[in-house]
Every structure is written in C-alpha cells, then in structure tokens.
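Visitor: I would like the atomic coordinates for the input below:
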Amino acid sequence: MAVANQVANKDLDKILARLAVYALLCCLLSVSAFAKVRNFANAKATLKQIYLDLGEGAWEDFYCQAPFIPKDNRLEILPSQKYTPRISSKKVQYIEWEHIMPAHRFGSELKCWQDNQSKNNKNLPKNAKSAKTSNSAKTAKTTQSSRKSCQKDALFRQMEGDLHNLVPAIDEINRDRRDFEYAIPPSELEFSQYGACRVYSNFAEAKFYPAEYSRGWIARTYLYMSKKYGIKLTDDEEYIMHLWDRQYPPSKREKAIREAIEHKQKWEETMQVLDEAKKLYRKSKNPRKKPYKNPRKLRNVFR
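Guide: Below is the predicted model of the structure:
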C-alpha cells in the first residue's frame, strides 16, 4: 500500500508540475504574446468583416462620411454629394484602411526603421544628400521600405495591425494625407479640394485638416496609441488631441465600432495566448527541463 501511495504521489507531482509550467507560460504570454496576435494583412480582413457585420449604418468612410458598399470582394465608394474626387477621373474609388497615427509616427523610433533609413541614406548620391527636400517628401520616400524592413519586428507588427488605429478611408484621400500631421485649419480656409467633404490636404506644409466629426475619434486614437505603446507625443500633438477629445465626445457610431473592435481584439489575443501556451507545453515533455534550450529563441517567444 505504501509503495502504491508513493507511485500515486509521484504521478500527482508530475501532473501538478506540468500544470505549473502551463500556468506560468500563460502568465508570461499574456504580457508579451500580443506581438504575435496579428499583422496588417489580417487586421484589414478582420476590420472589413467587423464593418460588414455592423450593417449598412456603419458603411461610410472616415473622413467624408461618404457611403460605400461591398462589391467584388472590395468596398466601393458610392457616388454622392459628400465627396468629389480632387483629381477628376472616371476611376472608381475604393476604401483603403488608413492608419490614423501613421506608420512613420509609431515606427520611426524603432531600430529596424532607423537602420533602414541609415541604409537608404548611404545609398543616396552625394548631390541628393545635399539637396533641399521637404521632410514630408523624405518621409514619403522611405516609409514603404522602412515598413517592409520592420515586418520581422513583433512590436511594429502589433502597432501596424492594431484595429483601433485603422479606419476606412477613400483611397484618394488616403494617398493625399500620406504621413501628414493633423492640425487645426486656419479660420479663413475654404474646404473645396474634395467637393463638400470638409477635409483639406495642405501639401505645402505637410498638414492635414480633418472634419469636425472625426476630430474626437482621431484624438482618442492618438492618446490610446501613446498610452499603449509608450509613444511620446509632441507638445502640439498633446495640446490638439486633448482639446479635440474634450470638444468632440464619442458618437454612437464610434462607440459601436470601438466596442466591436475591443471584443474582437481581446478575443483573438486570448486565443493566441492559449495556442502559444499549448504549443510550448506540448514541447516540454519533462517539466523539469526548459521548454527551449536556446535562450535567444525563448526571448523571441516572450517578446
């Protein structure tokens, strides 16, 4: 009987040890596995489904409130008085997913981004380095290559694919806005670039003036990104975003979309945490041994 009890106790100890490893992995992953939750591609697919599930009341673009419909696996802008293309064209306008806080703003402090910029600067001819070009032109030229260079960076992928920082925007306005900073428009400005749409792209000063109905949403997104990822806002950004947050409280539409996003994002993060923990647990056949012998690989998992 004593021998049987000893065997049973040993088995129980093994089970408890394995459960302890599993619980520890869950705790560690809950802090850091967010970096593996999504990327920009599946974020766009997720957002598209969220908007379709919310119904036609949510089917309007962010900057002009122009209506769109799903068509041929894309979201097509319907002709309306709310938006007129800045450049006259018969081309159909579609929805693109716009980063409210642009990639250059949340990615430029990362090592992968800076390394790519240094590489690009070294490859420039000497006369090009000395040429006077605007900051916006330099930014626009390097943003795409820098984003590609940062695709292996877990934090960048998480920021790039954060659903709260993505909104449906008309592709022309998405292209025009580039990485321009949001600003308060001059009082005498005439909003005529895009017909009745109350936005303006100031190409000379690299600024973008959004309509009043989207300013509060923009402000809360900037404040959210700053708090979640430790992005330090400039004094001008701090002033404008806190001002707009107070002046323009959330609309019913913003609340509904943010609630759907929060539910989806938390659910996916939870599922990812569990999946990663299960994988690590299965690899740890002996609970007394480390899940990975390679410490560098372990750091990557818990990044």
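Visitor: secondary structure element for the closest residue to V92 other than its chain neighbours?
Guide: Spatial nearest neighbour of V92, excluding adjacent residues (CB to CB, 6 or more residues apart in numbering): E76 at 6.0 Å. Glycine gets a C-beta too; all of them are placed from N, C-alpha and C. Using DSSP states H and E, E76 sits in strand 74-77.
Visitor: mean confidence for that strand?
Guide: Computed over strand 74-77, the mean pLDDT rounds to 96.
Visitor: who does the helix or strand just after it touch, helix- and strand-wise?
Guide: Going down the chain from strand 74-77, the next helix or strand is strand 95-99, by DSSP H and E. Applying 3 or more CB pairs under 8 Å, 6 or more residues apart in numbering; DSSP states H and E, one finds that strand 95-99 contacts helix 40-54, strand 74-77, strand 166-170, helix 171-177.
Visitor: what lines up beside strand 95-99 in the sheet?
Guide: Take DSSP bridges as the rule and strand 95-99 pairs in its sheet with strand 166-170 (antiparallel).
Visitor: list the contacts of the partner strand.
Guide: 43-44, 47, 51, 60-64, 66, 68, 75, 77, 83, 93-100, 177, 217 (CB atoms under 8 Å, 6 or more residues apart in numbering).
Visitor: filter the residues you listed to the buried ones?
Guide: Listed as buried from the contacts of strand 166-170 are 43-44, 47, 51, 60-64, 66, 68, 75, 77, 83, 93-100, 177, 217; burial here means 16 or more other CB atoms under 10 Å.
Visitor: so what touches the strand holding E76?
Guide: Contacts of strand 74-77 (CB under 8 Å, 6+ apart): 48, 51, 59, 61, 66-70, 83, 92-95, 168, 170.
Visitor: for the stretch 201-303 of the chain, what spans make up the helices?
Guide: Counting by DSSP state H, counting those that start in this stretch, the stretch 201-303 of the chain has these helices, from start to end: 212-229, 235-247, 252-283, 295-301.
Visitor: do the stretch 1-150 of the chain as well
Guide: For the stretch 1-150 of the chain, applying DSSP H, counting those that start in this stretch gives helices covering 2-32, 40-54, 103-107, 111-123, 126-130, 135-149.
Visitor: quick check: mean pLDDT of the third one?
Guide: By that I understand helix 103-107. The model assigns helix 103-107 a mean pLDDT of 93.
Visitor: also the first one?
Guide: When pLDDT is averaged over helix 2-32, the result is 49.
Visitor: wait, A196 sits on A66?
Guide: No: using CB atoms under 8 Å, A196 makes no contact with A66, being 9.5 Å away.
Visitor: so what's in contact with the two at the same time?
Guide: Common contact partners of A196 and A66 (CB under 8 Å, 6+ apart): K82, Y83.
Visitor: show me what contacts the closest residue to Q65 other than its chain neighbours?
Guide: Residue nearest to Q65 in three dimensions, not counting chain neighbours: K82, with 5.7 Å by CB to CB, 6+ apart. By CB under 8 Å, 6+ apart, K82 lies in contact with C64, Q65, A66, P67, G195, A196, C197.
Visitor: now do E160
Guide: Taking CB under 8 Å, 6+ apart as the test, what E160 contacts is N39, F40, A43, H99, A103, F106, G107, R147, C150.
Visitor: the third one and N165 touch, don't they?
Guide: Put plainly, it is A43. No: here A43 does not reach N165: they are 9.2 Å apart, not a contact under CB under 8 Å.
Visitor: buried stuff in stretch 80-91?
Guide: S80, K82, Y83, T84, P85, R86.
Visitor: how many other residues sit next to K252?
Guide: By other CB atoms under 10 Å, 8 other residues sit near K252.
Visitor: sounds good, over and out.
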